[in-house]
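Predicted structure and sequence below. I'll ask about it afterward.
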Amino acid sequence: MNKTTNLKTREQVQADFKAAGITLSEWARANGFHRMTVVDLLRGARQGLRGETHRCAVALGMKHGVVVDVATFKPAPARRTKASQRGAAA
């Protein structure tokens, strides 16, 4: 199964807002986002790669991802590759 099958397009999200009678500003305020972050995502000016745009894209259903608390996030330790193991043995 393709991971993108459950993702919404910009047009689908805009149609959802229209059908619900909710403005982008109202939704942004209620969900703690800047209005322009939502606007930029829905017009394609931002991709939602990191930070607020990532969290917003995930909340809108436009992107698969995990929203984590920045203060408690700890990256996974680096994996040792065969190349780095060879270098350590020399």
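In hand now; what should we look at? Keep in mind the model is a prediction, meaning the values are calculated, not measured. Residues are numbered from 1 along each chain as shown.

CA only for contacts and neighbour counts going forward, please
Fine.

Pick out the residue closest to the middle of the protein.
Geometric centre of the chain, nearest residue: His54, 2.6 Å, by Cα atoms, centre = their mean.

For that one, which non-adjacent residue is closest in space?
Gly48 (4.0 Å; Cα to Cα, 6 or more residues apart in numbering).

Helix, strand, or coil at that neighbour?
Following DSSP: H, G, I helix; E, B strand; the rest coil, Gly48 is assigned to coil.

can you pull out the helices in the protein?
10-20, 24-31, 35-43, 51-60, 82-89 (DSSP state H).

Which of the ones you listed sits closest to Phe73?
Among those, the nearest to Phe73 by Cα to Cα is helix 51-60 (12.8 Å).

and the angle from the closest one to helix 35-43?
60 degrees (axes from the mean of the first three to the mean of the last three Cα atoms, to 10 degrees).

quick one: contacts of helix 51-60?
8, 13, 33, 37-38, 41, 46-48, 63-67 (Cα atoms under 8 Å, 6 or more residues apart in numbering).

right, and the residue nearest to His54 touches Leu41 too?
Yes - judged on Cα atoms under 8 Å, Gly48 makes contact with Leu41 at a distance of 7.0 Å.

Surely Val39 touches Trp27?
No - applying Cα under 8 Å, one finds Val39 not in contact with Trp27, separated by 11.1 Å.

coming back round to it: could I get the helices of the chain as TSV with distance to Lys74 and mean pLDDT?
TSV is the format used below for the helices of the chain (distance: least, Cα to Cα, whole Å; pLDDT from 0 to 100):
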stretch	distance to Lys74	mean pLDDT
helix 10-20	32	97
helix 24-31	25	97
helix 35-43	26	96
helix 51-60	15	94
helix 82-89	23	65
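
for those helices, which one sits closest to Pro75?
Of the helices of the chain, nearest to Pro75 by Cα to Cα is helix 51-60, at 15.2 Å.

Give me the distance from the closest one to the chain's centre.
Distance of helix 51-60 from the chain centroid (Cα atoms, centre = their mean, to the nearest Å) equals 4 Å.
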